[in-house]
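J.: Kindly return the folded structure for what I paste below:
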Amino acid sequence: MKNVLVLSLLLSVSFLLNGQSKKRQKAVTYLKDAMMASSNMDNESAIKLYKKATKTDPTYNSAWLQLARSLSKSGQEVELQKHAYTTILKSDSTSKTALAAHLGLKSIYQNQGKFDSVAVHYSKAIKHQEASERQLLNIKKEKANVEFAASGYKNPLRFHPVSLNSSINDESALQYFPVITGDENQMIFTRRYKGSQNEDIFIAKRLAGNWSSAKKLEGSINGPEGEGTATISANGNTIICSYCGDSRENMGNCDLYSSNFENGSWTQLKNMGTTLNSKHYEAQPTLSSDGRVLFFVSDRPGGVGGLDIYTSILNENGDWSEPRNLSATINTADNEGSPFLHANGQTLFFASKGHPGFGGYDLYASDVENGKWQTPRNLGYPINDQNNQLSMCVSPNGKTGYFSKEEFNLSSIMANTSKIWTFSVPPEFKLGHRSNYIKGFVFDNITKKPIEATMKLINLETEETTALVTSNKTDGKYLVMLAEGSDYAFYAETRGYLFKSVSFEYSEATNIEPIKMDIYLDPIIKGVTVQLNNVYFETGKSELLNKSRVELNKLYQLMKTNPTMKIELGGHTDNVGSDELNNKLSLARVNSVIAYLAKKGIPAKNMVGKGYGASKPIADNKTTAGRKENRRVEFTVLEVQ
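T.: All right, here's what the predicted structure looks like:
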């Protein structure tokens, strides 16, 4: 009886093994046929055969691996891919097939933005016994990104973007690279209609708080070939864009071109010349708020990596300096792109594939300190995710951001949708300084007609010019950006007129609301009085503070340019203290100004000093603000030939 049972068991095992062997043989046949179909570029037939192989023998891990890989090629059935890889790992953790399964799952979770799961399979892969030196090298390259992404994924930003409506986003087109003017009332962006490779620049205007329907820029900017990735100056008068066609003058590849808004329309695009452009790729420009500093992307030789960010400065003669690479602090061995310089002039946003991130292109920010760009900071999740984030701008006041977001068909490497979104800037952005603007018109104070004048903003501590713009010669319109964190002297001046000065104490300002200010300049004629708003003294004393130099040097230049002009310098105080003390203090302060100018070479005979004390107030002495206004120095033109 015992022998019968043993014989029966052996027959059963033999039958089972024979059945399994037949299943495996059939599955192997399907696998071979599938691989042949794949080699003939027939991926659809290959997938069907791989599925038959896994159905015939669910334990056949080689078939599961090839099925997952074929599905991945066509971007199909991601859940089935995951099932294939996890099936392998249920029965195998040590072979090369298991290593491939960990790498496959890592890739899937990376594409899905599940960075915690990416970290799990990364850890398994890097420790795997079958990993070759080459594989380990490639895996280790991802270490910084994997660790950064896993940490960032667990600490998401407060980020709730909203897609702009059909006024901006056309469902039949792709929209990207948004940029706004300093007053946030105009937006330009690039649009490309689906099925076309031609890019054009569009503009939308904000009316009563809402964006008007975007229109193609009028004039001769847009042509039959691609114009795009544009930037606009804060005052809305200058556009710089890239153009990659053959119908305009070019240096070889994509070049930078500029256009100005004159007499109600945009001028013809003009190539920006060989200093900026080369036979290589130059594109994706961004301008400082006053239009004097340009950043752009190029693959010219001598860079750090592939596409690098360069900068150039416009000199007083209107010529651009030789472009300078932003160095390895910003640029990496990989690609950087889409720079955007904030209105504060101190924060640069850009995209990069080379700094630690979540995959593809991420968005970063860097601040300049003492003339050097600091280590970029990733803007975090979910602003950045596993897809490409390529362009973003932030409003001057730091409250609102705009960016474009691409979406893809699984079966295509080309984006099939790209929209412009807006969001409230999260505090984690750590924007160094917010900005506001001064805008208005410049007029002749006698004729009341608009005039062209230079508007200059100077940091009183460093004496550096932080903004330099020109008012429109047709209507006198101007716009200048102001960044918090410093005290400024603001000047409006033009030849044949006395300058106008304004003081902005922004070093500790909490209110940076926009300012509308029309400016009336006086011709250099007898009897005109100009208030010097940026002359400062020690409290209750006549010693000049260092930050007075900017204003006094401005007055010196005026008198040097007009050597026959004679002026009276009048000193004024508030009504605190006795008349005798106030008269004495006001005269002593004026004499300090005269001494400063005389030391620089202005003849003493051209200056007369008078101390008026508190006798000529221009504001109410009952308030702190009023008393501050009354403490002032003025000059009056006595004679000019």
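J.: center of the protein, which residue is that?
T.: With distances taken as Cα atoms, centre = their mean, residue 340 lies nearest the centre of the chain, 2.3 Å away.
J.: quick one, phi psi at the spatially closest residue to residue 271 that is not a sequence neighbour?
T.: With Cβ to Cβ, 6 or more residues apart in numbering as the criterion, residue 271 has its nearest non-adjacent residue at 4.7 Å, and that residue is residue 249. Just so you know, the C-beta spots here come from the backbone N, C-alpha and C atoms, and that holds for glycine as well. Dihedral angles of residue 249 (phi, psi; degrees, to the nearest 10) stand at phi -60, psi 130.
J.: Same check on residue 428?
T.: With angles defined as degrees, to the nearest 10, residue 428 sits at phi -70, psi -10.
J.: List the contacts of it.
T.: The neighbours of residue 428, taking Cβ atoms under 8 Å, 6 or more residues apart in numbering as the test, are 157-158, 380.
J.: what about the nearest residue to residue 394 once chain neighbours are set aside, neighbour count?
T.: Of all residues not flanking residue 394 in the chain, residue 401 sits nearest, at 4.8 Å (Cβ to Cβ, 6+ apart). As a burial measure, residue 401 scores 24 neighbours (other Cβ atoms under 10 Å).
J.: residue contacts, residue 401?
T.: With contact set as Cβ under 8 Å, 6+ apart, residue 401 has these partners: 392-395, 422-425.
J.: Extract the residue ranges of the stretch 151-300 of the chain that are flagged as low pLDDT.
T.: When residues are selected by pLDDT under 70, none of them lie in the stretch 151-300 of the chain.
J.: right, I mislabeled it, should have said the stretch 301-450 of the chain
T.: Residue ranges of the stretch 301-450 of the chain with pLDDT under 70: 408-415.
J.: doesn't residue 492 fall inside a strand?
T.: Yes. Under DSSP: H, G, I helix; E, B strand; the rest coil, residue 492 sits within a strand.
J.: so the residue nearest to the centre of the chain makes contact with residue 395?
T.: No. With contact defined as Cβ atoms under 8 Å, residue 340 and residue 395 do not form a contacting pair (11.5 Å).
J.: Secondary structure element for residue 283, which one?
T.: In the assignment (DSSP states H and E), residue 283 maps to strand 282-287.
J.: Identify the residues contacting that strand?
T.: By Cβ under 8 Å, 6+ apart, the surrounding residues in contact with strand 282-287 are 177, 179, 229-233, 238, 240-242, 244, 253-256, 276, 293-298, 300, 337-341.
J.: Any quick ChimeraX command for the buried ones out of those residues?
T.: Those of those that count as buried under 16 or more other Cβ atoms under 10 Å are selected in ChimeraX with:
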select :177,179,229,230,231,232,233,238,240,241,242,244,253,254,255,256,276,293,294,295,296,297,298,300,337,338,339,340,341
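J.: Inside helices: which ones of the contacts of strand 282-287?
T.: Members of the contacts of strand 282-287 lying in helices (criterion: DSSP state H): none.
J.: Chain neighbours aside, what residue packs nearest to residue 254?
T.: residue 244 (4.0 Å).
J.: Name the nearest residue to residue 47, ignoring sequence neighbours.
T.: Nearest non-adjacent residue to residue 47, counting by Cβ to Cβ, 6+ apart: residue 70, 5.0 Å away.
J.: what's the pLDDT at the one you found?
T.: On the pLDDT scale, residue 70 is placed at 88.
J.: ok, now residue 18?
T.: As predicted, residue 18 sits at a pLDDT of 51.
J.: Is residue 202 bridged to anything, and to what?
T.: Under the criterion DSSP bridges, residue 202 forms beta bridges with residue 189, residue 216.
J.: How many residues are close by it?
T.: Quick note: residue 202 (other Cβ under 10 Å) scores 22 neighbours.
J.: repeat for residue 362
T.: For residue 362, using other Cβ under 10 Å, the count is 31.
J.: cool, residue 628 as well?
T.: Neighbour tally, residue 628, other Cβ under 10 Å: 11.
J.: And for whichever strand or helix holds it, what's in contact with it?
T.: According to DSSP H and E, residue 628 maps onto helix 624-630. Here helix 624-630 makes contact (Cβ under 8 Å, 6+ apart) with 572-576, 614, 617-621.
J.: Buried subset of these, written for ChimeraX?
T.: In ChimeraX, a selection of the buried entries from the contacts of helix 624-630 looks like this (16+ other Cβ under 10 Å):
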select :572,573,574,575,614,617
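J.: Tell me which of the contacts of helix 624-630 fall in strands.
T.: residue 572 (DSSP state E).
J.: tell me which residues of stretch 107-125 are tucked away?
T.: For stretch 107-125, using 16+ other Cβ under 10 Å, the buried residues are 108-111, 113-115, 117-122, 124-125.
J.: oh, I was asking about stretch 209-219
T.: Neighbour counts over stretch 209-219 (16+ other Cβ under 10 Å) mark 211, 214, 217, 219 as buried.
J.: contacting residues for the residue nearest to the centre of the chain?
T.: Counting by Cβ under 8 Å, 6+ apart, residue 340 makes contact with 179, 286, 348-350, 391-394.
J.: Could I get the residues you listed in TSV, plus columns for distance to residue 483 and secondary structure?
T.: Converted to TSV, the contacts of residue 340 look like this (distance: Cβ to Cβ, whole Å; DSSP: H, G, I helix; E, B strand; the rest coil):
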residue	distance to residue 483	secondary structure
179	18	strand
286	16	strand
348	14	strand
349	15	strand
350	19	strand
391	23	strand
392	19	strand
393	16	strand
394	13	strand
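J.: Out of those, which end up buried?
T.: When the contacts of residue 340 are checked against 16+ other Cβ under 10 Å, the ones flagged as buried are 179, 286, 348-350, 391-394.
J.: from those residues, which single one is nearest residue 22?
T.: Using Cβ to Cβ, residue 391 is the member of the buried ones among the contacts of residue 340 that lies nearest residue 22, at 59.0 Å.
J.: residues contacting residue 395?
T.: Residue 395 sits next to 180, 184, 401, 425 when contact means Cβ under 8 Å, 6+ apart.
J.: rewinding a little: just give me the closest of the contacts of helix 624-630 to residue 531.
T.: For the contacts of helix 624-630, the nearest to residue 531 is residue 618 (8.3 Å; Cβ to Cβ).
J.: where's that closest one relative to residue 399, distance?
T.: For residue 618, the distance to residue 399 equals 36 Å [Cβ to Cβ, to the nearest Å].
J.: same deal with residue 76?
T.: 43 Å.
J.: Among these two, which residue is more densely surrounded?
T.: More crowded of residue 76 and residue 399, by other Cβ under 10 Å: residue 76, with 15 against 12.
J.: thought the residue nearest to residue 271 was touching residue 273?
T.: No. Taking contacts as Cβ under 8 Å, residue 249 lies outside contact range of residue 273: 9.8 Å.
J.: before we move on, back to that, so how do I select the buried members of the contacts of residue 428 in PyMOL?
T.: Buried residues among the contacts of residue 428 (16+ other Cβ under 10 Å), as a PyMOL selection:
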select buried, resi 157+380
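J.: Now render the contacts of residue 428 as JSON lines, adding secondary structure.
T.: Shown next, in JSON lines, are the contacts of residue 428 (three-state DSSP):
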{"residue": "157", "secondary structure": "coil"}
{"residue": "158", "secondary structure": "coil"}
{"residue": "380", "secondary structure": "coil"}
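J.: still on that earlier bit, how much space between the nearest residue to the residue nearest to the centre of the chain once chain neighbours are set aside and residue 459?
T.: Nearest residue to residue 340 in three dimensions, chain neighbours excluded: residue 349, at 4.4 Å (Cβ to Cβ, 6+ apart). Residue 349 sits 23 Å away from residue 459, going by Cβ to Cβ.
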